[in-house]
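Undergrad: Task: produce atomic coordinates for the following.
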Amino acid sequence: MGQTASANPADMAARREAMVANQVAGRGIRTPAILDAMTSVRREAFMPLDLREFAYDDTALLVGPGQLMPQPYLVALMIDALGLAGGETVLDVGAGSGYLAAVLARMAARVVSIERQPALCARARSVLAEEGVDNVDVVLGDAATGCPSQAPFDAILVTSGSPKPPQALLHQLKVGGRLVIPLGSNARIQELVCITREGEQDFRYSDLADVNFMPLRAAFGWSSEDLSVCTPFGEWVQRDRETSLSQRIADAALSFDSVDQMPLEGLLERIGDSRIVLLGEASHGSSEFYLARAQITRALIEQKGFSFVAIEGDWPDAAQVDHYVRHAEYPASEWTAFARFPTWMWRNEEFRGFVDWLRSHNGGLPAEQRVAFHGLDLYSLYSSIQSILEYLDEVDPETAAVARERYGCLTPYQSDPAAYSRAALNPHYHSCEESVLAMLSEIQQRHRHYAEHDGDRFLNTVQNARLVANAEEYYRTLFYGSRSAWNMRDTHMFETLENLLQHHREGSRVVVWAHNSHVGDSDATEMALRGEFNIGRLCRARYGREVYSIGFGTYSGTVAAASDWNRPMEIKQVHPALEGSIEALCHQCGVARFLLPLRQGDPMLLNGLATRHLERAIGVIYRPETERQSHYFETRLPDQFDEYVWFDETRAVTPLVTESLSGCPDTYPFGV
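TA: This is a model prediction of the structure:
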C-alpha cells in the first residue's frame, strides 16, 4: 500500500532516496548536484496532505486546480539540461508549489520564481520559508514578460507548455545561457526543448523528450480554441449534448442479461469474413472481460473456423498452453506457465475454463485441424533462452554449445532484466546485441535441417530466438523513453502475429486477446500525438477491413491489480468513471450490459462519439488515488474500435489457488 500522510520522516527520507536511485539515477541522470538536491528537498512538503503518500511515485500529480507537479524524472531531466555548474542566477517560470524552485536553489546561487496566481505565490513563499530555503525570490507576475528588472539570467526554466518561446524570455537569457521549455503546435502534447543563446540574435534548439505539461496561461500561450481540447474532464462538451448522446447509446445498445446470453449471432454477422479479430479489455483483472472474450472466441472457432488464438502473454508460457490444448506428443518443458508477475493475469479460473474448453474441442479433431494457442509478448527473455537450449540439445548439440556461449552475455541479468537496461546506459558497456542477433541468424539458416524434426517445434524455437533479440533491444533502450519501448514491444507482437498467420494453414484466421490500449487503433487516441502506435494500428494499416476490433469498458466494481510493479495482487474497488468519459456516458444510458456496433450505426451517435472523450485504462497496476493522471486518455471511440462491449459493474478475476488444486493431473500447464 502507499505511504500514509502521517509517515515518519525517516520513512519518507528512505522513499526519497529510492526515488532518486531508481527514477533519476536509474534512468541515466548522474549529475551529482541534481542527485544531492533531489535527495535533500522534501517533495512531500510542497504537496497537499492527502497526496503526500504519493510524493515519490513515478508519476505527475495534480496538486491543485491547473497545477501539475511533474514526475521526479522530468524535474531532473529539465534541470540537467540547464547545465548548472553552481553560482548561477536562474529564472523559474511558474512557481506553482515551489518544489522545483527549491531543488534549483540547492544548485544555483539565486532563483527568481514567477507565479501569476496570488494564492499560489503566497503559498510557495510560505513553504519555501518553512523548509529553510532563503535564496528564492517568488515574484507575482506574468510569464509573458518574464522578470526584466532582475535580468539577465544564466538559465531559465519554464514548466508549462506553449506553442512558441516568448521573445521576452529569450532576450532575458545571457549569451551562453540555456532556456528549457515544453513547446508544440498542439496543446495536448509537446516536445521538451533546450534553447541555447549563442549570440544576440542566435539561438540553437535541441529536443529532449516528448512531454505533456499543463498549458501556459500567458499572453504568448495557445488560443482559447486550442486550450479547449485539453480542458480537464471534457468540460467543453455541453451537458445537454452528453445527455442526448447517452440516450442515443441506450437506443443503439444490444443488451443482454449475462455473458452466456450475449447476442453473438449478430456480432458474427458484423465480423463477417474478417481474418483478424482483436478482443480488448479495459483492465487485466476483470472477470467479465475474460468470460466475454471466451464466449466470442468459442463462437468464432466453432462457427467461423478460426485457426488459432494469440494473447498478450509471453511466447514460452503460451507454448505450454498450446502443448496442452493441442494434445502434443513431444515432451513438455519443465517450467510452470505464467508464473512471473502478474501471475493473476493468465493464472485465473476464468482463463483456465477457456483453456480446458479448447483442449476438449481439439480432442475430437485431427492433429492438423486443432486450434493453436500462442503468445505475442516479449518479456520472457530467459524462459525463451531455456526453451531454445532444450530444443538444440535434442536436435543439434553442437549448436546448443554455441548458443550457451552467446546467450551467456545475458546471464548476469536473468533475475532482473531491467538491470540490463541500467547497465546499457553506460557508454562503455558492451551490449549483447551482436551475440543474440548472430544466434537468431544461425537458427534461421538451419531451417531445413531443424524443420525435419517438427515444423511446430522449429517455429517455437525460431520465435524464441527472435524474441530474445527483440527483448534485448527492448531492455537496452527501455530507459531512453517510453515511446520507443512501447513501439518496439507492439512491433514485436505484430510481427509475431504475421509470422503465425504465415505459419498456419492457408487462409488462417486469428483471435487476439490483449488490452484495449494494444488492440484499439492508436491513431484515434492521444497515443498518436506522442508518436506511439500499437497492434491495432499496424493491423489496420496492413489488413484494412479484414480486421475487426472490439473494445471493452466498465463503470465500477472490483479489479485484481497491484499498487506497483512486482507488488502483491489486491482486490481493489474501481472508482466510478469520471464525468466526460466514455464510461460515464455508457453508465448514464442506464443499460447494464450491451454490445454497441460502431463500424456502422446511427450517424448522429457515431458523430457524437467521434468527438474526443476520456477513456479509462487499468493494466496490472491500479492507482485509484491518482487515476486521472494514471489511467485516463483521450479517444474517438468509433475510430478506435469497430464494436464496444459494456459491463456497468465488473468483479475481479479469481486467481488460481495452487494449494487447493495441488496434484491434480489435469491442471497442466498452470502447475497448480
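Undergrad: List of residues touching stretch 343-362?
TA: Stretch 343-362 is contacted from outside by 284-285, 287, 290-291, 293-294, 297-298, 301-302, 309, 311, 313, 317, 321, 324-327, 337-339, 370-371, 373, 560, 569, 620, 653-656, 666, 670, 672, using Cβ atoms under 8 Å, 6 or more residues apart in numbering. C-beta here means a position set from N, CA and C on the backbone, and glycine is covered the same way.
Undergrad: how does it look with 7 Å?
TA: Stretch 343-362 is contacted by residues 284-285, 287, 290-291, 294, 298, 301, 313, 321, 324-327, 338, 370-371, 373, 560, 569, 620, 653-656, 670 when judged by Cβ atoms under 7 Å, 6 or more residues apart in numbering.
Undergrad: domains in the chain, as residue ranges please.
TA: Domain ranges of the chain: 9-230, 239-376+481-653, per automatic domain parsing.
Undergrad: Is it possible to get TSV of the ones you listed that adds distance to Pro397?
TA: Shown next, in TSV, are the domains of the chain (distance: least, Cβ to Cβ, whole Å):
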stretch	distance to Pro397
domain 9-230	40
domain 239-376+481-653	17
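Undergrad: To Ala465, which of these lies closest?
TA: domain 239-376+481-653 (10.6 Å; Cβ to Cβ).
Undergrad: quick check: mean pLDDT across the closest one?
TA: Averaging pLDDT along domain 239-376+481-653 gives 90.
Undergrad: how far does that domain sit from the chain's center?
TA: Mean-position distance between domain 239-376+481-653 and its chain equals 15 Å (Cα atoms, centre = their mean, to the nearest Å).
Undergrad: Check stretch 88-96 too.
TA: That offset, for stretch 88-96, works out to 32 Å (Cα atoms, centre = their mean).
Undergrad: buried ones in stretch 156-165?
TA: Neighbour counts using 16 or more other Cβ atoms under 10 Å place Ile156, Leu157, Val158, Thr159, Ser160, Gly161, Ser162, Pro163, Pro165 of stretch 156-165 among the buried residues.
Undergrad: just the residues you listed: which has the poorest pLDDT?
TA: Ranking the buried residues of stretch 156-165 by pLDDT, Gly161 lands last with 73.
Undergrad: does that one really touch Ile181, like I thought?
TA: No - with contact defined as Cβ atoms under 7 Å, Gly161 does not count as touching Ile181 (8.3 Å).
Undergrad: just to revisit the earlier point, which among the contacts of stretch 343-362 count as buried?
TA: In terms of neighbour count (16+ other Cβ under 10 Å), the buried residues within those are 284-285, 287, 290-291, 294, 298, 301, 313, 321, 324-326, 338, 370-371, 373, 560, 569, 620, 653, 655-656, 670.
Undergrad: just checking, which of the residues you listed belong to strands?
TA: Gly313, Phe373, Ala560 (DSSP state E).
Undergrad: The last one bridge partners, please.
TA: Listed beta-bridge partners, Ala560: Ile571 (assigned using DSSP bridges).
Undergrad: quick one, what contacts it?
TA: Per Cβ under 7 Å, 6+ apart, neighbours of Ala560: Gly285, Trp344, Met569, Ile571, Ala652, Val653, Pro655.
Undergrad: please redo it, this time with the cut-off set to 6 Å
TA: By Cβ atoms under 6 Å, 6 or more residues apart in numbering, Ala560 lies in contact with Gly285, Trp344, Met569, Ala652, Val653.
Undergrad: which one of these sits closest to Asn135?
TA: Met569 (46.9 Å).
Undergrad: Contact partners for the closest one?
TA: Met569 neighbours (Cβ under 6 Å, 6+ apart): Trp344, Ala560, Ala562.
Undergrad: ok, so of the residues you listed, who is nearest Phe641?
TA: Ala560 (23.8 Å).
Undergrad: Tell me how far Leu497 lies from Leu378.
TA: 13 Å (Cβ to Cβ, to the nearest Å).
Undergrad: Neighbour count: these two, which is higher?
TA: Leu378 (26 against 22; other Cβ atoms under 10 Å).
Undergrad: circling back: do you know which of the domains of the chain lies nearest Glu394?
TA: Short answer: domain 239-376+481-653, nearest of the domains of the chain by Cβ to Cβ, at 9.2 Å.
Undergrad: Tell me how many other residues surround the closest residue to Ile276 other than its chain neighbours.
TA: Nearest residue to Ile276 in three dimensions, chain neighbours excluded: Val547, at 4.7 Å (Cβ to Cβ, 6 or more residues apart in numbering). Residues within reach of Val547, counting by other Cβ under 10 Å, total 22.
Undergrad: now Leu49
TA: By other Cβ under 10 Å, the residues close to Leu49 number 9.
Undergrad: pLDDT value on it, please?
TA: Leu49 is given a pLDDT of 85.
Undergrad: Next one: it relative to Val63, how far apart?
TA: Distance from Leu49 to Val63, by Cβ to Cβ: 11 Å.
Undergrad: and if you look at Ser556?
TA: Computed as Cβ to Cβ, the Ser556 to Val63 distance reads 26 Å.
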